[in-house]
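J.: This is a predicted model, with the sequence first.
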Amino acid sequence: MPNDNLYRVVGQALEAGITAYQFRDKGTASQFNEDERFKVALRLRKLCAEYQVPFIVDDDVKLAVALRADGIHVGQSDEKIEQVISEVGNEMFIGLSCSNETELKDAEQVRGIAYYGCGPVYTTVSKADASPVIGTNGLSRLVKLAHRPVVAIGGITTKTAKKVRQTGAKGAAVISEIAQSPDIFLTVRQLKG
Ligand code: TZP
Ligand code: MG
C-alpha cells in the first residue's frame, strides 16, 4: 500500500503532539487523482479528529468543504483570498501565505484571515516554486507587521526551530524534517522545544 507510510507519519506525528495538520497534494508534487485524494484525505481527516487536532486543506476549497475541514490554506497565486472568505469563511478558518512585506500589508486589510503562513525561512526541497528565502530576519519583520499569528515555513529543522521561535512566530510548519525522521516522536518534541 503506497499510502501506508503517509498514514504512519501522520499518525506518529499526531501521537507526538503536532498541533495542526495540513493536507497538501498539488502541483508537481501531487501524488493522487481526485478520487484517491478524497479517500486519503478523508482517512487523515478522521485521524486528526481522533486527536482533536485541526485538519487544514491546502488550496482546494471543494475538498475542504467535502471533508468538513477545520481550515483552508491558500497561497498568493491560488484562489483569491476574498473569494475563499466569501465561500467558506463561515465554515472554517482561513490561512494565507505571505512571503514579503507587500503581501502581508495587503493581507492586513482583509477581514476574515485567521493566520499567515510566512516563508520560506530557509531553503526547502519540498516546494519547487517556492518564493525567495527570507531567513529569520525577514520572518521577524513579517511577525512585527502582522496583527495575526504567523506560522513559519520552509526548511525548518530541530536545529533551527529555536531561532524561528525567537522571532515571535506562533507556529512552525514542517514537512521533510518530520516525514523523513527516523524518530518522529523525538523530532516533534525537539521542534516544539
Ligand atoms: N511553502 C513554503 S516552503 C514549503 C511550502 C509548502 C515547504 C516546506 O517544507 P519543508 O520540507 O519543511 O521545507
Ligand atoms: Mg499554497
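T.: Happy to help now that I have it. Ligands and ions are numbered 1, 2, ... in the order given.
J.: and this structure, which residues reach ligand 1?
T.: Neighbours of ligand 1 within the chain, by Cβ under 6 Å from any ligand atom: 119-120, 124, 126-127, 130, 153-156, 174-177. Yep, even glycine has a C-beta here, placed from its N, CA and C like the rest.
J.: got those as a markdown table, with distance to residue 31 columns?
T.: What follows is the residues of the chain next to ligand 1, written out as a markdown table (distance: Cβ to Cβ, whole Å):
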| residue | distance to residue 31 |
| --- | --- |
| 119 | 22 |
| 120 | 21 |
| 124 | 18 |
| 126 | 13 |
| 127 | 15 |
| 130 | 19 |
| 153 | 20 |
| 154 | 21 |
| 155 | 21 |
| 156 | 22 |
| 174 | 19 |
| 175 | 13 |
| 176 | 15 |
| 177 | 20 |
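J.: between these, which is closest to residue 144?
T.: Minimum distance to residue 144 across the residues of the chain next to ligand 1 is 15.8 Å, recorded for residue 119 (Cβ to Cβ).
J.: Show the model's pLDDT score for that closest one.
T.: Residue 119 is assigned a pLDDT of 98 by the prediction.
J.: circling back: quick check, nearest of the residues of the chain next to ligand 1 to residue 17?
T.: Taking Cβ to Cβ as the measure, residue 17 lies nearest residue 174 of the residues of the chain next to ligand 1, at 12.7 Å.
J.: Not counting its neighbours along the chain, what's nearest the closest one?
T.: With sequence-adjacent residues excluded and distances taken as Cβ to Cβ, 6 or more residues apart in numbering, residue 174 is closest to residue 156, at 5.2 Å.
J.: Lovely, talk soon.
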